[in-house]
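[1] Sequence and predicted model, in that order:
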Amino acid sequence: MDLITKAPKGTQDLTPEKTRRWQIAEQVLIGEAELNGFGEIRTPAFEHTELFQRGMGDVTDVVEKQMYTFEDKGGRSVTLRPEGTAGAVRAMLENGLYNAGYPVKLYYNIPCYRYEKPQAGRMREFRTFGVEVFGAAEPIADAQMIAMAMSAFKRLGLEDVGLQLNSIGCPECRKEYHRALKEYFTGNRDKLCSTCLSRLDRNPMRILDCKNPECKELAKNAPVITDYLCGDCREHFNKVQEYLTALGIGFELDPGLVRGLDYYTRTVFEFPSGSLGFALGGGGRYDGLVEEMGGSPTPGLGFGLGMDRIMLALEEGKVEFPEEDRCEVYIAAMGDKAQVKALELVDRLHRCGIIADCDICGRGLKAQMKYAGKIGAKFSMVLGEDELSSGSAVLKDMSSGETRKVSIGDDFVDGYLTFSTAQEDLSF
RNA sequence: GUGGACGUAGCUUAGCUGGUCAAAGCGCCAGAUUGUGGCUCUGGAGACCGUGGGUUCGAAUCCCACCGCCCACCCCA
């Protein structure tokens, strides 16, 4: 197949039928966010490259090898966003959203881009539904955020989504942990891959999720972060667990859960799918990020959900979607004059919020009727010379076959409504 | 980055021990006594069998390369 007839690798088209289902799912998530007082923020699809390097950490896999980075015609290095948090933080600061008072609660539903080898649930262009909260340092915020996600999963009809939880501490207690990690890995430095050797000094935690088999083996016996949490972090983590339990939300502690981005502090979590081999999303707290990006010290936390993955999970779980709103009236017309009249009547129906349609392909009467049947029209009507001169036409109930004469004059819509609602009453 | 499968009409596929093999279903279009759909019947359009080489008298069918796509590992959303 020609290059131009094929979407680029790792991208997909959402056809109307698919898009309809996406919109329904998105609406559930948006609804959940708005119930919790979140407002939608829309930020650019590309940002200055430094934003992501600074925000996500330049030793991360994403920044090191998965970003779509290019120079624009003005010589600036820009990058298609690989995630939503960095842009949200930037926009929050740039627009002074904190001036309205804390907490600032934002959500977004955006396409993101990463250069990866595509497979199920992993696209180069993928959609993320994310939320961010700024200015809330208390563990209750962590619990509420997680509860919100779990509630959304439930409302979507996804019953088997899990929750994995960990705390990776604050910079203070992480210092201790880094020291211990460094000591451990330095003692085994001859077994580390070259990438990890460079990570050893800069960011030893990254070694824990290196893909190299030898590094993985080493990581198994490495010191565990939760043994090194400082008093405050330990208490924070305990409280989060306590609140979740009080809310009836089950979770699994996973000391190995580190997350792929550097900005996380304290609470981190993922939502593993029960039926698919990957997480539907994840997130955590990032108390140092806002300051790192030039703002004043501000706690923050958020999560991102992979919309593509949620859609896969809904499919896998055979979650049913409501039927599409079908065409209610189809007006078939014969001849130029009747066609114009049909268009006018259809327009009048539209003004009353009634889904109506007529032919625009120049088809014959029979083909038009066939089309009406195909699109599932509830009622049909035929317009020709006779109807135009008599001022009335026959409205037909497509499923029962019942017909009734209605005026096509000024009182057309009234007449239509009388007949159509009467028909619906019969069906009940 | 490593590994595995696949690539035939719009869609789903058959054909794959090489020689009427270019098919079927669905979809689409048009007809079945002239202005009424759904069922049935009939007909029609539509594929250089992913691309390029090679083996052969002859390849969709065997070999190689490339491209594409899907999946697993890894990681993440």
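    Noted; the coordinates are in hand. Numbers count the residues shown, from 1 in each chain, chains lettered A, B, ... in the order given.

[2] contacting residues around the residue in chain A positioned nearest to RNA strand B?
    Nearest residue of chain A to RNA strand B (CB to the nearest atom of the strand) works out as A:Gly306 at 2.0 Å. Every C-beta, even on glycine, is put in place using the N, C-alpha and C of the backbone. By CB atoms under 8 Å, 6 or more residues apart in numbering, the contact set of A:Gly306 is A:Gly121, A:Phe126, A:Arg127, A:Thr128, A:Leu280, A:Gly281.

[3] Mark which of those residues are part of strands, please.
    Using DSSP state E, the subset of the contacts of A:Gly306 located in strands is A:Phe126, A:Arg127, A:Thr128, A:Leu280, A:Gly281.

[4] Determine the number of other residues adjacent to the fourth one.
    Pointing back at A:Leu280 there. Neighbour count for A:Leu280, taken as other CB atoms under 10 Å: 26.

[5] That one: what's it in contact with?
    Shown in contact with A:Leu280 (CB under 8 Å, 6+ apart): A:Phe153, A:Leu158, A:Val161, A:Phe271, A:Pro272, A:Ser273, A:Leu305, A:Gly306, A:Arg309, A:Ile310, A:Ala313.

[6] Quick check: beta-bridge partners of A:Phe70?
    Legend: beta-bridge partners of A:Phe70 under DSSP bridges are A:Val78.

[7] got the contact list for it?
    Neighbour list for A:Phe70: A:Ser77, A:Val78, A:Thr79 [criterion: CB under 8 Å, 6+ apart].

[8] didn't the last one look like it was pressed against A:Gly55?
    I take that to be A:Thr79. No: counting by CB atoms under 8 Å, A:Thr79 stays clear of A:Gly55, with 11.0 Å between them.

[9] just the strands in the stretch 201-350 of chain A please.
    A:252-253, A:265-272, A:279-285, A:300-306, A:329-333 (DSSP state E, counting those that start in this stretch).

[10] Which positions in the stretch 201-350 of chain A make contact with RNA strand B?
    Counting by CB under 7 Å from any atom of the strand, the stretch 201-350 of chain A comes close to RNA strand B at A:209, A:211, A:216, A:258-261, A:270, A:277-282, A:304-306, A:308-309, A:332, A:334.

[11] Which residues outside stretch A:344-357 are in contact with it?
    A:325-331, A:358, A:375, A:377, A:381, A:383, A:408, A:412-413, A:416-417.

[12] Quick one: end-to-end length of it, please.
    End-to-end distance for stretch A:344-357, by CA to CA, to the nearest Å: 11 Å.

[13] Angles on the backbone of the residue nearest to A:Glu217 when sequence neighbours are not counted, please.
    In this structure, A:Glu217 finds its nearest non-sequential neighbour in A:Lys191, 7.9 Å apart by CB to CB, 6 or more residues apart in numbering. Dihedral angles phi and psi of A:Lys191 (degrees, to the nearest 10) take the values phi -100, psi -10.

[14] Using the three-state scheme, assign the residue lying closest to A:Lys337 once chain neighbours are set aside.
    Closest residue in space to A:Lys337, ignoring its immediate chain neighbours: A:Leu388 at 6.0 Å, by CB to CB, 6+ apart. What DSSP: H, G, I helix; E, B strand; the rest coil gives for A:Leu388 is helix.

[15] What of A:Glu159?
    Per three-state DSSP, the secondary structure class of A:Glu159 is coil.

[16] Contacts only, for it.
    By CB under 8 Å, 6+ apart, the contact set of A:Glu159 is A:Phe153, A:Gly274, A:Gly317.

[17] what about it, distance to A:Ala120?
    Taking CB to CB, to the nearest Å as the measure, A:Glu159 falls 21 Å from A:Ala120.
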